[in-house]
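*Asks:* I would like the atomic coordinates for the input below:
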Amino acid sequence: MLTAEKLIQTLPYEQQATMHKLRELILKADPAIVETVKWGNPVYSRGRNLLSIVPHEKHVNLQIWDGAALCGRYPLIEGDGQNMRHVKVKYKGRNDFKTIAAIIGDVLAPRQPAAAGRGS
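*Replies:* Numbers count the residues shown, from 1 in each chain. Sure, this is the predicted structure:
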């Protein structure tokens, strides 16, 4: 079975370094997250898809499956899909990994269930 690690090793070196960095940030934020390969890319889930990392010619997209909810807080998040958004992480040049780590942390933060009605 193809693992994310094996998949990343098949990529050109420049892509590997960026993919490894994003993978490291995701696994650091949630060591128990489920890592699989779907559609030829590493996908991270907990019962549903949350993040994926997709290499392109000049950058990697950190895909955020429910990213629309985070757009207002993080200008790095791009896209105009109904829910999916992405952050472009360049192979060359500067990337704001502090903000990228914060985005990943928000995506993977445990969600509190909605409170039941008040004063029952």
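*Asks:* please make it C-alpha for all contacts and neighbour counts, starting now.
*Replies:* Will do.
*Asks:* can you tell me the SS state at residue 36?
*Replies:* On the three-state scheme (DSSP: H, G, I helix; E, B strand; the rest coil), residue 36 is labelled strand.
*Asks:* ok, now how distant is it from residue 12?
*Replies:* 20 Å (Cα to Cα, to the nearest Å).
*Asks:* okay, those two: which has more neighbours?
*Replies:* residue 36 (19 against 9; other Cα atoms under 10 Å).
*Asks:* what sits against the more buried one?
*Replies:* 3-4, 42-44 (Cα atoms under 8 Å, 6 or more residues apart in numbering).
*Asks:* quickly list what it is bridged to.
*Replies:* residue 43 (DSSP bridges).
*Asks:* per-residue confidence for it?
*Replies:* pLDDT recorded at residue 36 is 96.
*Asks:* same question for residue 79.
*Replies:* 94.
*Asks:* same question for residue 118.
*Replies:* Looking at residue 118, the pLDDT reads 44.
*Asks:* identify all contacting residues around stretch 9-28.
*Replies:* If you take Cα under 8 Å, 6+ apart as the criterion, stretch 9-28 is touched by 8, 33, 53, 55, 59-60, 62, 89-91, 101, 104.
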